[in-house]
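Asker: using only what follows, build the 3D model:
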Amino acid sequence: MRLYCQKGSAKDKNWTLKIPKTTIGRDAICDIALDDPKISRIHAEIVREKDTFVYTDKNSTNGSFINGYRVKRQIMLPGDVITVGNTELIALDTQQKGIVEWRDGDDSEITSTIPLDVFSKKFHEVSTKAAVESIESEVAAVDTKTPTPDLVDTNKMIRNLQNIYDVTEAINSVMVLDDLFDLIIKQIFKAFADVQRICVLMRDEKQEFSPRVVAHRDEEGTRPFIISKSIFQHSIENRVSILANDATRDERFSRADSVIDLHLRSVMCAPLVSKDKVLGAIYLDNREKPFCFDQEDIELLTAFANQAAIAIENSKLYEEIQKAYHDAILALINAIEAKDPYTRGHTQRTSRYALGIAQEVGLTKDRYERLKTAAELHDIGKIGVREQLIDKTGHLSDSEFESIQAHVVTGEKILKPIEYLQFAIPIIRGHHERFNGSGYPDGLSGEAILLESRILGVADAFDAMTTQRPYNKPLSLKDAVAHCKQHAGTQFDPQVVDALERFMTANHDFIEKELEKINAELKAEAELHT
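Answerer: Purely as a prediction, here's the structure:
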């Protein structure tokens, strides 16, 4: 695993974690020494334990935060954001080709530039000429058994058009942005046999360009992808595609250290422009073969980038609409919690516990992200439950209990029209199932219940046990964990309960202080209304 600094004095630096231990701090003896006055001399350490890396704060003055939560000890996953002082680090898998380094250079690196409409103009020229001379070319080709230059140009254009058609048909059918980027990478590797590495850079909310996806043709080599600032900036600022070939052999490039030092023999960069707006760029290279890209390649990449830009813009609009739905649902959940002081903050706390458990059981990054979204939305169905039932202190009748149970099905109905959130529906539907099959709504048992649902169910119940509710007084963290262990194998998955215990043990002091404050506020508010 690597740590990449995305904010702070060490911005853009990255470190591979050492085995068995990596230390972080202000002291020069630390493996990751950071010039940050808010960081302690020995701030934290990351220890390799079997197949995981465990982050432990070493009683630092200002603490450590992972994904916004203060932690004492926590298992790290790729994508976790670690904040110490004014420094922000992101954890990356060693095999995750997500790190790029920018190198300075000058415009002498650029060997060829072409405008974005070059392919369409060339197509018009070739097709017009071919229409006039097609008969003569075909006759000459038959007589000599050797294609004429005009026929060769026409055939190349037809092949490129077919490539662009295939690419356009493929990418225009994809609406999820991450899936679209994966497909773009796949299509580029397919179209250009000599491309070794690809980086798609996108403009972010701060109007800065950063890598969205980096890929290598092979699975080897974890060195950062080096990008020439001069090539990239020239391409973006002038809205042209750039070809830079075999810089190590060309005397004109003797001053282009960023290319020569890393033997970037062949580079192509094409801007992603849609509706007169620069979205980003596609940057690719080959560090082994001289002159492996030619004018035809850069023209094809340019046409490809033009189509990709349109697809990316459409996907971004689609995701913005889907996100708007998501935000609207979160607003509804906040409205539900605002009506009931006892459930205020329940969603946030349940999410925190669920994600802590997920890390302890080693959930993959993709499943972790899906669980995070499902945890945020797990109680949306309670919008259909009468407030009197939610607040009721006494025993629920059978019909009232059925109404409460129906909230998971109601939640499913609310989310079903939103394609963006389809993955969350089965997780939410199953979070009240029980390990022994006595839960609802489907009576599933054991591993027939999604692991994400089993995790969410434990986290949801744990928060209910440890916060003030109209129907119970809060349990201490220790007693709540003991209660979960008592019901492991019946209500809860034993594996998930064990993970909960590990997470709570590691972060007991922080969570206990937070709950003491929350429960004092809830108790005071309840007394005010009695």
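Asker: low pLDDT regions in the stretch 301-450 of the chain?
Answerer: Counting by pLDDT under 70, the stretch 301-450 of the chain has low-confidence residues at 337-343, 384-405.
Asker: for this protein, which spans come out with low pLDDT?
Answerer: Within the chain, the set of residues satisfying pLDDT under 70 comprises 93-99, 105-111, 117-175, 219-224, 246-264, 337-343, 384-405, 470-471, 526-530.
Asker: quick one: the longest helix along it to chain centroid distance?
Answerer: Longest among the helix segments of the chain by residue count, using DSSP state H, is helix 295-339. With CA atoms, centre = their mean, to the nearest Å as the basis, helix 295-339 stands 13 Å off its chain's centre.
Asker: again, but for stretch 35-49
Answerer: The chain centroid and the centroid of stretch 35-49 are separated by 25 Å under CA atoms, centre = their mean.
Asker: excluding its backbone neighbours, what's nearest F53?
Answerer: Take F53 and drop its neighbours on the chain: the residue closest to it by CB to CB, 6 or more residues apart in numbering is M76, 4.7 Å away. From N, CA and C alone the C-beta is placed, and that goes for glycine too.
Asker: spatially central residue in this protein, please.
Answerer: Closest residue to the average C-alpha location of the chain: G79 at 7.1 Å, with CA atoms, centre = their mean.
Asker: quickly find the element holding the spatially closest residue to T302 that is not a sequence neighbour.
Answerer: Leaving aside its chain neighbours, T302 sits nearest to S241 (4.2 Å; criterion: CB to CB, 6+ apart). Using DSSP states H and E, S241 sits within strand 240-245.
Asker: give me the contact list for that strand.
Answerer: Strand 240-245 is contacted from outside by 109-116, 118, 228, 231, 234-235, 259, 264-271, 290-295, 297-299, 301-302, 305, using CB atoms under 8 Å, 6 or more residues apart in numbering.
Asker: isn't D194 right up against V267?
Answerer: No: with contact defined as CB atoms under 8 Å, D194 does not reach V267; the gap is 11.7 Å.
Asker: neighbour count for those two, which is higher?
Answerer: V267 (26 against 15; other CB atoms under 10 Å).
Asker: so which strand or helix has that one?
Answerer: Per DSSP H and E: strand 266-274 holds V267.
Asker: what's that strand packed up against?
Answerer: Counting contacts by 3 or more CB pairs under 8 Å, 6 or more residues apart in numbering; DSSP states H and E, strand 266-274 packs against helix 229-238, strand 240-245, strand 277-286, helix 295-339.
Asker: buried sites along it?
Answerer: By neighbour count with 16 or more other CB atoms under 10 Å, strand 266-274 contains the buried residues S266, V267, M268, C269, A270, P271, L272, V273, S274.
Asker: and if you look at stretch 193-203?
Answerer: V195, Q196, R197, I198, C199, V200, L201, M202, R203.
Asker: how far does it sit from the chain's center?
Answerer: Distance, centroid of stretch 193-203 to centroid of chain: 18 Å (CA atoms, centre = their mean).
Asker: before we move on, what about stretch 505-521?
Answerer: The chain centroid and the centroid of stretch 505-521 are separated by 30 Å under CA atoms, centre = their mean.
Asker: CA-only coordinates of it in CSV, if you can.
Answerer: Extracted in CSV, the C-alpha atoms of stretch 505-521 (Å, rounded to 0.1, in the frame of the first residue of the first chain):
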residue,chain,number,x,y,z
THR,A,505,-12.2,-1.6,21.5
ALA,A,506,-9.8,0.4,19.3
ASN,A,507,-11.9,3.5,19.3
HIS,A,508,-13.7,3.2,22.7
ASP,A,509,-12.6,6.5,24.3
PHE,A,510,-13.5,8.7,21.4
ILE,A,511,-16.9,7.1,20.8
GLU,A,512,-17.8,7.0,24.5
LYS,A,513,-17.2,10.7,24.8
GLU,A,514,-19.3,11.5,21.8
LEU,A,515,-22.2,9.3,23.0
GLU,A,516,-22.0,10.9,26.5
LYS,A,517,-22.6,14.3,25.0
ILE,A,518,-25.3,13.1,22.6
ASN,A,519,-27.3,11.3,25.3
ALA,A,520,-27.0,14.2,27.7
GLU,A,521,-28.5,16.4,25.0
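Asker: thinking again about what came up before, bridged to the residue nearest to T302, which residues?
Answerer: S241 has the following beta-bridge partners by DSSP bridges: I114.
Asker: next, work out how far apart it and S210 are.
Answerer: Separation of S241 from S210 (CB to CB, to the nearest Å): 20 Å.
Asker: so those two - more neighbours on which side?
Answerer: A side-by-side neighbour count of S241 and S210, using other CB under 10 Å, places S241 first with 26 against 12.
Asker: find the helix or strand that the residue lying closest to G381 once chain neighbours are set aside is a member of.
Answerer: The shortest distance from G381 to any residue other than its chain neighbours is 3.1 Å, reached at G411 (CB to CB, 6+ apart). Assigned by DSSP H and E, G411 belongs to helix 407-415.
Asker: past that helix, which element shows up next along the chain?
Answerer: Following helix 407-415 toward the C-terminus (DSSP H and E): helix 424-429.
Asker: now the element after that next one, going C-ward?
Answerer: helix 451-466.
Asker: how much does the next helix or strand after that following helix deviate in direction from helix 451-466?
Answerer: For helix 451-466, the succeeding helix or strand toward the C-terminus, using DSSP H and E, is helix 477-486. Interaxial angle of helix 477-486 relative to helix 451-466 (axes from the mean of the first three to the mean of the last three CA atoms, to 10 degrees): 130 degrees.
Asker: other SSEs contacting helix 477-486?
Answerer: If you count contacts as 3+ CB pairs under 8 Å, 6+ apart, helix 477-486 packs onto helix 451-466, helix 494-506, helix 508-528.
Asker: which of those helices sits most buried?
Answerer: The highest average neighbour count among the helices and strands packed on helix 477-486, using mean count of other CB atoms under 10 Å, belongs to helix 451-466 at a mean of 24.
Asker: could you check the angle helix 508-528 makes with it?
Answerer: 60 degrees.
Asker: centre of the chain versus helix 451-466, how much separation?
Answerer: Between the mean C-alpha location of helix 451-466 and the chain-wide mean there is a distance of 25 Å, by CA atoms, centre = their mean.
Asker: hmm, back to that, overlap in contacts of D194 and V267?
Answerer: Common neighbours of D194 and V267 (CB under 8 Å, 6+ apart) are F293.
Asker: which among the helices and strands packed on helix 477-486 is found nearest to Q348?
Answerer: Nearest of the helices and strands packed on helix 477-486 to Q348, taken as CB to CB: helix 451-466 at 9.5 Å.
Asker: quick one, the closest one and helix 407-415 angle?
Answerer: Using the same axes, to 10 degrees: helix 451-466 against helix 407-415 is 120 degrees.
Asker: number the residues from 22 up from this point.
Answerer: Okay, using 22 as the starting number, the last item reads as helix 472-487.
Asker: now do helix 472-487: which elements does it pack against?
Answerer: Secondary-structure packing of helix 472-487 (3+ CB pairs under 8 Å, 6+ apart): helix 367-382, helix 386-398, helix 445-450, helix 498-507, helix 515-527.
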